[in-house]
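J.: quick one: sequence plus predicted model below, questions after.
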Amino acid sequence: MLNLAYSQDPKSTRDTGCAFPRRTLVVVGGGFSGTMVTVQLLMRWPEDPIRIVLIERAGNFGQGVAYRTRSASHLLNVPAGRMSALPDQPDHFLNWAKRRKLAIEAHTFAPRALYGEYLRDLLEQAIANCGRRISIARMVDEAVDIKPPGADGRHVVVLRSGRTVAGDKIVLALGNFQPADTLIEDMTFYDSPQYIRDPWAIGALAPIKPDEPVMIVGTGLTMIDIALELRERGHNAAVHAVSRRGLLPQPHRSPSRPPAYRFHEQNVEGWKRSALGLLRQVRREVGIAEAAGDDWREVINALRPFTQKLWNSLGHAERSRFLRHLRPIWDVHRHRAASEPAMAIQSMISAGRLVVHRARICSLRRHGETVEASVRPRGCDRIDRIHVKYVINASGPQTGLDQVRDPLMMALRARGMICPDPLGLGLRATDDGTIIAAGGEKNPALRVVGPLRRGDLWENTAVPELRVEAATLAETLLAEWLVPDAEMAL
């Protein structure tokens, strides 16, 4: 019997008796995307030998960064009725919640921790129901390199622990990377213990005392999460949130409704393919909707099935223009906050506990136990000085892959096995997720799923898009691997 006891947690490995699997799939990343690729394969795979190895450095299989939070104030930003992880079963999450007699309705913004339990349960059920000829192992470790195929044709995934895993196909489901440090006069500040680079790290906010003021770099959804978690912990000092535009995520309407079916293919076909042209068209549609008594959110929601096509129709120059000028505006309208957290943030602002600065950070300097932040308000020449105890980075995931310090990305770049897309948002890949190397050649053994396909897909950071992408990749792998051996040899 094959020994699959790789994990630090003995309960996290299931040896199904598949002594000699014909194929091995290695999935690097156990967040939503990696988990759902695994689940979809387990649900679809016939009685044919296969070994699947799921690698997750944090050990939170199924949860990733987004859903491992334990804070009650951290809610989903999409109503529960649209959060099924299975695209062909739209009520799957709702039915799961109802079986547990939870007060979750289609319009409810459920706790993110609960959704993490749902994903973990989905994975456990898929493993429990898979056939005896499927071998599944979960490894708590970090992939730091992938070696080119050897004589057996398999790539070898190198782990931080020193262990290795050989795979016929490898799926990179790495999710989002940590935010980049803001450029300031003296970058050595970022080595200070008063700088919290990763607010999602376990215990990251624990050192902050209730009476210690803080600065949050960024004013998006992560800022809202941090501010509300601090409040939940009894923090009562000032919270300063700084971003160049000072834009806060718009709130969802409460109760939230599914979008009206406003657009057909022919509606968007004639839209001008430029960043400015699309902005004007969306504004026009919002005006038409408001004149008819509809909410602007319905226009944004109804665009969702067409967003990727519109993005792909833009040339490189127009995509760059969108990122420079329109992305912050799009983000706060497209990626909205649940109504309850949004109201809580407005309450903190009204009470003076949260101050939003529309400014650029020029410098961060330590003066004993205090940090002095020098910020330049937008459109002004003056410098304002803010004194806090801690600075927390919530500026959003880093997308410039040439700057990302992730060890696996650095190793693959050095080997020329990956190549950033022209905008640096993700990896170059074909439509089916096959990774394109620096030399332009395709490597069918390496696939990518999730946010690292942002350059091609743009809208693939939320569950409604990621679940389809995961299911599609599983179908592709299934079709490729079930080709008869004689046909594969031709």
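T.: Cool, the structure landed. Numbering: from 1, shown residues only.
J.: CA atoms for contacts and neighbours, from now on please.
T.: Fine.
J.: what are the buried residues along stretch 344-364?
T.: Across stretch 344-364, burial judged by 16 or more other C-alpha atoms under 10 Å covers 344-345, 348, 353-364.
J.: same check, this time on stretch 432-452
T.: The neighbour-count check on stretch 432-452 (16+ other C-alpha under 10 Å) flags 433-438, 442-452 as buried.
J.: in helices, which of these appear?
T.: Among the buried residues of stretch 432-452, no residue falls in helices (DSSP state H).
J.: who does the closest residue to His357 other than its chain neighbours form a beta bridge with?
T.: Take His357 and drop its neighbours on the chain: the residue closest to it by C-alpha to C-alpha, 6 or more residues apart in numbering is Val242, 4.7 Å away. Counting by DSSP bridges, Val242 forms beta bridges with Val217, His357.
J.: repeat that for Met139.
T.: Going by DSSP bridges, Met139 forms beta bridges with Ile55.
J.: also the one 4 residues further on?
T.: According to DSSP bridges, Leu159 are recorded as the beta-bridge partners of Ala143.
J.: rewinding a little: filter the buried residues of stretch 344-364 down to the ones in helices?
T.: Per DSSP H, these map to helices at Ala344, Ile345, Met348.
J.: could you dump those to a markdown table with pLDDT and distance to Gln308?
T.: Listed next are those as a markdown table, based on pLDDT from 0 to 100; distance: C-alpha to C-alpha, whole Å:
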| residue | pLDDT | distance to Gln308 |
| --- | --- | --- |
| Ala344 | 96 | 33 |
| Ile345 | 97 | 31 |
| Met348 | 97 | 36 |
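J.: tell me which of those residues is nearest to Asn393?
T.: Asn393 lies nearest to Ile345 out of those, by C-alpha to C-alpha, at 18.1 Å.
J.: give the contact list for the closest one.
T.: Neighbouring residues of Ile345 by C-alpha atoms under 8 Å, 6 or more residues apart in numbering: Ile224, Ala227, Leu228, Leu354.
J.: let me have those in TSV, extended by pLDDT and secondary structure.
T.: Supplementary listing: the contacts of Ile345 in TSV, determined by pLDDT from 0 to 100; DSSP: H, G, I helix; E, B strand; the rest coil:
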residue	pLDDT	secondary structure
Ile224	97	helix
Ala227	97	helix
Leu228	96	helix
Leu354	98	strand
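J.: so which of those residues comes closest to Leu323?
T.: Ile224 (22.6 Å).
J.: list the buried ones in stretch 123-137?
T.: By neighbour count with 16+ other C-alpha under 10 Å, stretch 123-137 contains the buried residues Leu123, Ala126, Ile127, Cys130, Gly131, Arg133, Ile134, Ser135, Ile136, Ala137.
J.: just say helix, strand or coil for Ala166.
T.: Here Ala166 takes the strand state, with states given by DSSP: H, G, I helix; E, B strand; the rest coil.
J.: got a pLDDT number for it?
T.: For Ala166, the pLDDT comes out at 95.
J.: and it, how many neighbours?
T.: Using other C-alpha atoms under 10 Å, Ala166 has 21 neighbouring residues.
J.: could you do Glu290 as well?
T.: 14.
J.: okay but it is in contact with Val299, surely?
T.: No: if you go by C-alpha atoms under 8 Å, Glu290 and Val299 don't touch, sitting 9.8 Å apart.
J.: what about the buried residues of stretch 432-452, which are in strands?
T.: Thr434, Ile435, Ile436, Lys442, Asn443, Pro444, Ala445, Leu446, Arg447, Val448 (DSSP state E).
J.: make TSV from the residues you listed and add pLDDT and distance to Leu86 to it.
T.: Below are these laid out as TSV (pLDDT from 0 to 100; distance: C-alpha to C-alpha, whole Å):
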residue	pLDDT	distance to Leu86
Thr434	96	23
Ile435	97	25
Ile436	96	28
Lys442	96	29
Asn443	94	28
Pro444	92	25
Ala445	95	25
Leu446	97	24
Arg447	97	21
Val448	97	19
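J.: nearest to Asp145 among these?
T.: Asp145 lies nearest to Leu446 out of these, by C-alpha to C-alpha, at 12.8 Å.
J.: give the contact list for the closest one.
T.: Applying C-alpha under 8 Å, 6+ apart to Leu446 gives the contacts Lys169, Ile170, Val171, Leu172, Thr434, Ile435.
J.: would you turn those into JSON lines with distance to Met409?
T.: Shown next, in JSON lines, are the contacts of Leu446 (distance: C-alpha to C-alpha, whole Å):
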{"residue": "Lys169", "distance to Met409": "17"}
{"residue": "Ile170", "distance to Met409": "14"}
{"residue": "Val171", "distance to Met409": "13"}
{"residue": "Leu172", "distance to Met409": "10"}
{"residue": "Thr434", "distance to Met409": "16"}
{"residue": "Ile435", "distance to Met409": "13"}
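J.: from those residues, pick the one nearest Ser395.
T.: Distances from Ser395 to those, taken by C-alpha to C-alpha, are shortest for Leu172, at 23.9 Å.
J.: okay, and the beta partners of the closest one?
T.: Where Leu172 sits in a bridge, its partners, by DSSP bridges, are Val28, Val448.
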